[in-house]
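>>> need coordinates for the below:
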Amino acid sequence: MPNLSSVLNQLEQERRRLSSQLDAVGKAISTLNGAGTSRPRRTLSAAARARIAAAQRARWAKAKGKVVSIASARERPKMSAAAIARIRAAQKARWAKWRKSKKKG
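Next up is the predicted model:
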């Protein structure tokens, strides 16, 4: 009888191993089917898609040795000198505070 219980234990272990493998296969299948995606997809605006497409066309043209002019990106508004000065002053103050805290601690 001890031999029979040993065989039963081995069969139980084999069942558990196969069960875990089946779970892994099931998860892989659901992932491939797209059931595992939980985050929403982002949508691009038409202008963003157009910029991406233009850039890709330019890369292909460059690879083929053609010369293509790329439409320039949209112009950013210029920051005033006063705004830049305020940003610099705030950043200097942050660094000074950080250095002071490092000296104490």
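
>>> where in this protein is pLDDT low?
1-2, 35-38, 68-74, 105 (pLDDT under 70).

>>> could you check how far the host helix or strand of residue 85 is from the centre of its chain?
If you go by DSSP states H and E, residue 85 is part of helix 81-104. Mean-position distance between helix 81-104 and its chain equals 32 Å (C-alpha atoms, centre = their mean, to the nearest Å).

>>> and what about residue 66, helix, strand or coil?
coil (DSSP: H, G, I helix; E, B strand; the rest coil).

>>> number of residues surrounding it?
Residue 66 has 9 neighbours, counted by other C-beta atoms under 10 Å. Yep, even glycine has a C-beta here, placed from its N, CA and C like the rest.

>>> and it, its phi and psi?
Residue 66 has phi and psi values of phi -90, psi 150 when expressed as degrees, to the nearest 10.

>>> how many residues are close by residue 7?
With other C-beta under 10 Å as criterion, residue 7 counts 10.

>>> who are the packing partners of the top helix by length along the chain?
Longest helix of the chain, by residue count under DSSP state H: helix 2-33. Contacts defined by 3 or more C-beta pairs under 8 Å, 6 or more residues apart in numbering; DSSP states H and E place helix 2-33 against no helix or strand at all.

>>> pull out the buried residues from that helix.
Buried residues in helix 2-33, defined by neighbour count with 16 or more other C-beta atoms under 10 Å: none.
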